[in-house]
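Peer 1: No letters, just coordinates:
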């Protein structure tokens, strides 16, 4: 019986290690542009927040937008829960105002 328990423990440990490795890989992929996301939050959030009025972004926001990894940020915007506070219409508006080209499917949007 103790061998079965040891085998079960070993199998459980292997599953935990595999799950941890998968989570770490996923977290690393998501953190590729974490600095970009933090900078955008600091400089641009007030222009893309759902409850904020639509207004032209600041030069600081545009400077940040021009330096980000757009595909990575778009992937982040498509993550569950993100769009609860962010208006994708305002994201497209701010990008246009800053002269930044973003794909129509950014964040899971369906813009042409």
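Peer 2: Perfect, thanks for sending it. Everything numeric here is computed off the predicted structure, so don't read it as measured data.

Peer 1: CA atoms for contacts and neighbours, from now on please.
Peer 2: OK.

Peer 1: Where does the most centrally placed residue in the chain fall, secondary structure wise?
Peer 2: Geometric centre of the chain, nearest residue: residue 76, 1.7 Å, by Cα atoms, centre = their mean. Residue 76 is part of helix 70-77, with elements assigned from DSSP states H and E.

Peer 1: mind listing what's buried in the helix or strand just after that helix?
Peer 2: Sequence order places helix 88-98 as the next helix or strand after helix 70-77, per DSSP H and E. Under the neighbour-count criterion of 16 or more other Cα atoms under 10 Å, helix 88-98 has 88, 90, 91, 92, 93, 94, 95, 98 buried.

Peer 1: Also stretch 104-112?
Peer 2: 106, 107, 108.

Peer 1: residues in contact with that stretch?
Peer 2: Contact with stretch 104-112 is made by 71, 74, 75, 76, 77, 78, 79, 88, as judged by Cα atoms under 8 Å, 6 or more residues apart in numbering.

Peer 1: run the last query once more with 7 Å
Peer 2: Under the contact criterion Cα atoms under 7 Å, 6 or more residues apart in numbering, stretch 104-112 has outside partners 74, 75, 76, 77, 78.
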